[in-house]
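**Student:** sequence unknown, structure follows:
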(Lines give C-alpha, C1' and ligand atoms only; values in the text may rest on other atoms or scores of the structure.)
Protein backbone atom coordinates (compact mmCIF):
# COMPACT_ATOMS: atom_id res chain seq x y z
CA UNK A 1 0.00 0.00 0.00
CA UNK A 2 1.52 3.39 -0.98
CA UNK A 3 2.09 5.96 1.76
CA UNK A 4 -0.61 8.55 2.36
CA UNK A 5 0.29 11.91 0.90
CA UNK A 6 -1.10 15.22 2.11
CA UNK A 7 -0.93 18.35 0.03
CA UNK A 8 0.36 21.81 0.89
CA UNK A 9 -3.00 23.02 2.22
CA UNK A 10 -3.25 20.20 4.75
CA UNK A 11 0.38 20.80 5.73
CA UNK A 12 -0.32 24.53 6.15
CA UNK A 13 -3.43 23.87 8.26
CA UNK A 14 -1.54 21.40 10.47
CA UNK A 15 1.31 23.87 10.92
CA UNK A 16 -0.99 26.80 11.67
CA UNK A 17 -3.22 24.93 14.10
CA UNK A 18 -0.34 23.22 15.90
CA UNK A 19 2.31 25.93 15.97
CA UNK A 20 0.25 29.11 16.04
CA UNK A 21 -2.97 27.95 17.75
CA UNK A 22 -1.27 25.34 20.02
CA UNK A 23 -3.77 22.58 19.19
CA UNK A 24 -2.40 19.25 20.50
CA UNK A 25 -1.85 16.38 18.06
CA UNK A 26 -4.77 14.28 19.33
CA UNK A 27 -7.22 17.18 19.00
CA UNK A 28 -5.79 18.02 15.56
CA UNK A 29 -6.46 14.47 14.39
CA UNK A 30 -10.05 14.72 15.70
CA UNK A 31 -10.53 18.12 14.10
CA UNK A 32 -9.40 16.91 10.66
CA UNK A 33 -11.68 13.86 10.94
CA UNK A 34 -14.70 15.82 12.21
CA UNK A 35 -14.38 18.96 10.07
CA UNK A 36 -12.95 17.63 6.82
CA UNK A 37 -13.64 13.88 6.94
CA UNK A 38 -9.89 13.44 6.63
CA UNK A 39 -8.38 10.73 8.80
CA UNK A 40 -4.90 11.77 9.87
CA UNK A 41 -2.83 10.09 12.55
CA UNK A 42 -0.74 11.80 15.20
CA UNK A 43 2.32 10.29 13.50
CA UNK A 44 1.34 11.90 10.20
CA UNK A 45 0.84 15.22 11.99
CA UNK A 46 4.33 14.89 13.45
CA UNK A 47 5.78 14.09 10.02
CA UNK A 48 4.00 17.05 8.41
CA UNK A 49 5.38 19.38 11.10
CA UNK A 50 8.90 18.01 10.59
CA UNK A 51 8.55 18.58 6.84
CA UNK A 52 7.35 22.14 7.42
CA UNK A 53 10.24 22.77 9.84
CA UNK A 54 12.71 21.58 7.21
CA UNK A 55 11.21 23.99 4.69
CA UNK A 56 11.31 26.86 7.21
CA UNK A 57 14.91 26.24 8.37
CA UNK A 58 16.60 28.46 5.73
CA UNK A 59 14.26 31.33 6.62
CA UNK A 60 14.82 30.77 10.34
CA UNK A 61 18.59 30.84 9.79
CA UNK A 62 18.35 34.00 7.65
CA UNK A 63 16.37 35.77 10.39
CA UNK A 64 18.98 34.69 12.94
CA UNK A 65 21.79 36.01 10.75
CA UNK A 66 20.06 39.36 10.19
CA UNK A 67 19.43 39.84 13.92
CA UNK A 68 23.04 38.94 14.71
CA UNK A 69 24.07 41.96 12.58
CA UNK A 70 21.25 44.31 13.60
CA UNK A 71 21.74 47.72 15.21
CA UNK A 72 18.84 47.23 17.64
CA UNK A 73 17.49 43.98 19.11
CA UNK A 74 14.74 43.65 21.70
CA UNK A 75 15.01 40.58 23.88
CA UNK A 76 12.60 38.81 26.20
CA UNK A 77 11.77 35.37 27.55
CA UNK A 78 8.76 33.63 29.02
CA UNK A 79 8.00 30.27 30.54
CA UNK A 80 6.27 27.57 28.52
CA UNK A 81 5.50 23.86 28.76
CA UNK A 82 7.47 21.64 26.38
CA UNK A 83 6.48 17.98 26.59
CA UNK A 84 5.07 18.67 30.05
CA UNK A 85 8.27 20.26 31.39
CA UNK A 86 8.97 23.90 32.22
CA UNK A 87 11.06 25.51 29.49
CA UNK A 88 11.70 29.06 28.36
CA UNK A 89 10.80 30.60 25.02
CA UNK A 90 13.30 33.30 24.13
CA UNK A 91 12.55 36.04 21.63
CA UNK A 92 14.90 38.44 19.89
CA UNK A 93 13.37 40.95 17.51
CA UNK A 94 13.60 44.25 15.72
CA UNK A 95 11.27 46.09 13.36
CA UNK A 96 11.89 43.54 10.58
CA UNK A 97 12.45 40.17 12.25
CA UNK A 98 11.44 37.98 15.16
CA UNK A 99 13.55 34.98 16.20
CA UNK A 100 12.19 32.45 18.72
CA UNK A 101 14.04 29.69 20.51
CA UNK A 102 12.79 27.26 23.14
CA UNK A 103 15.34 26.24 25.75
CA UNK A 104 15.23 24.34 29.03
CA UNK A 105 17.00 27.17 30.87
CA UNK A 106 16.41 30.87 31.48
CA UNK A 107 20.17 31.30 31.91
CA UNK A 108 22.67 33.26 29.89
CA UNK A 109 24.07 30.09 28.29
CA UNK A 110 21.03 30.08 26.00
CA UNK A 111 21.96 33.55 24.76
CA UNK A 112 25.60 32.47 24.26
CA UNK A 113 24.53 29.30 22.43
CA UNK A 114 22.16 31.26 20.19
CA UNK A 115 24.46 34.18 19.39
CA UNK A 116 28.02 32.88 19.75
CA UNK A 117 29.54 36.33 19.17
CA UNK A 118 26.80 38.13 21.06
CA UNK A 119 25.08 41.00 19.29
CA UNK A 120 28.16 43.16 18.68
CA UNK A 121 26.48 45.85 16.54
CA UNK A 122 23.31 46.11 18.59
CA UNK A 123 21.76 48.05 21.36
CA UNK A 124 19.85 45.35 23.23
CA UNK A 125 16.54 46.34 24.78
CA UNK A 126 15.36 44.14 27.65
CA UNK A 127 13.57 43.99 30.97
CA UNK A 128 16.95 43.69 32.76
CA UNK A 129 16.82 39.89 33.11
CA UNK A 130 20.33 38.88 34.20
CA UNK A 131 20.89 36.65 31.16
CA UNK A 132 20.06 39.53 28.84
CA UNK A 133 22.29 41.94 30.72
CA UNK A 134 25.20 39.53 30.15
CA UNK A 135 24.68 39.64 26.38
CA UNK A 136 27.78 40.93 24.61
CA UNK A 137 26.54 43.98 22.71
CA UNK A 138 27.33 47.58 21.86
CA UNK A 139 24.86 49.06 24.37
CA UNK A 140 21.90 48.14 26.56
CA UNK A 141 18.52 49.81 26.85
CA UNK A 142 15.71 49.25 29.32
CA UNK A 143 12.53 48.16 27.56
CA UNK A 144 10.25 51.20 27.55
CA UNK A 145 7.11 49.11 28.10
CA UNK A 146 8.68 47.62 31.24
CA UNK A 147 9.78 51.07 32.39
CA UNK A 148 6.23 52.39 31.93
CA UNK A 149 4.86 49.43 33.88
CA UNK A 150 7.32 50.10 36.72
CA UNK A 151 6.38 53.78 36.77
CA UNK A 152 2.66 52.95 36.90
CA UNK A 153 3.35 50.59 39.80
CA UNK A 154 5.23 53.33 41.70
CA UNK A 155 2.54 55.85 40.86
CA UNK A 156 -0.27 53.60 42.13
CA UNK A 157 1.37 51.84 45.07
CA UNK A 158 3.59 54.63 46.39
CA UNK A 159 1.53 57.60 45.20
CA UNK A 160 4.82 58.88 43.80
CA UNK A 161 4.52 62.24 42.07
CA UNK A 162 8.02 61.71 40.67
CA UNK A 163 6.79 58.53 38.94
CA UNK A 164 3.80 60.43 37.53
CA UNK A 165 6.03 63.18 36.13
CA UNK A 166 8.54 60.68 34.74
CA UNK A 167 5.75 58.62 33.11
CA UNK A 168 4.32 61.80 31.50
CA UNK A 169 7.79 62.82 30.27
CA UNK A 170 8.35 59.35 28.79
CA UNK A 171 4.95 59.36 27.06
CA UNK A 172 5.60 62.83 25.64
CA UNK A 173 9.04 61.76 24.37
CA UNK A 174 7.50 58.73 22.65
CA UNK A 175 4.88 60.95 20.99
CA UNK A 176 7.60 63.31 19.72
CA UNK A 177 9.58 60.34 18.37
CA UNK A 178 6.49 58.94 16.62
CA UNK A 179 5.83 62.33 14.99
CA UNK A 180 9.47 62.54 13.91
CA UNK A 181 9.29 59.05 12.40
CA UNK A 182 6.11 59.96 10.53
CA UNK A 183 8.00 62.89 9.01
CA UNK A 184 10.89 60.58 8.09
CA UNK A 185 13.28 61.77 10.79
CA UNK A 186 14.19 59.58 13.71
CA UNK A 187 15.38 61.07 16.99
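**Tutor:** Arrived safely, thanks for sending. Treat the numbers as computed from the prediction; the structure is a model and nothing was measured.
**Student:** drop to CA atoms for contacts and neighbour counts, all remaining ones
**Tutor:** OK.
**Student:** what's the longest strand in the protein?
**Tutor:** Determined from DSSP state E, the single longest strand within the chain is strand 72-82.
**Student:** what's next to it, contact-wise?
**Tutor:** 67, 86-94, 106, 121-127, 132, 143 (C-alpha atoms under 8 Å, 6 or more residues apart in numbering).
**Student:** Show me the strands paired with it, marking each as parallel or antiparallel.
**Tutor:** strand 85-93 (antiparallel), strand 119-126 (parallel) (DSSP bridges).
**Student:** if we can go back for a sec, quick check on the contacts of strand 72-82: which are buried?
**Tutor:** 67, 87-94, 106, 121-127, 132, 143 (16 or more other C-alpha atoms under 10 Å).
**Student:** Check the offset of the helix or strand harbouring residue 139 from the chain's centre.
**Tutor:** Using DSSP states H and E, residue 139 sits within strand 137-142. From the chain centre to the centre of strand 137-142 is a distance of 19 Å (C-alpha atoms, centre = their mean, to the nearest Å).
**Student:** Follow the chain on from that strand and name the next helix or strand.
**Tutor:** helix 144-157.
**Student:** What are the buried residues along the helix or strand that that next one is followed by?
**Tutor:** Where DSSP H and E defines the elements, the next helix or strand beyond helix 144-157 is helix 161-182. By 16+ other C-alpha under 10 Å, the buried positions in helix 161-182 come out as 163-164, 166-167, 170.
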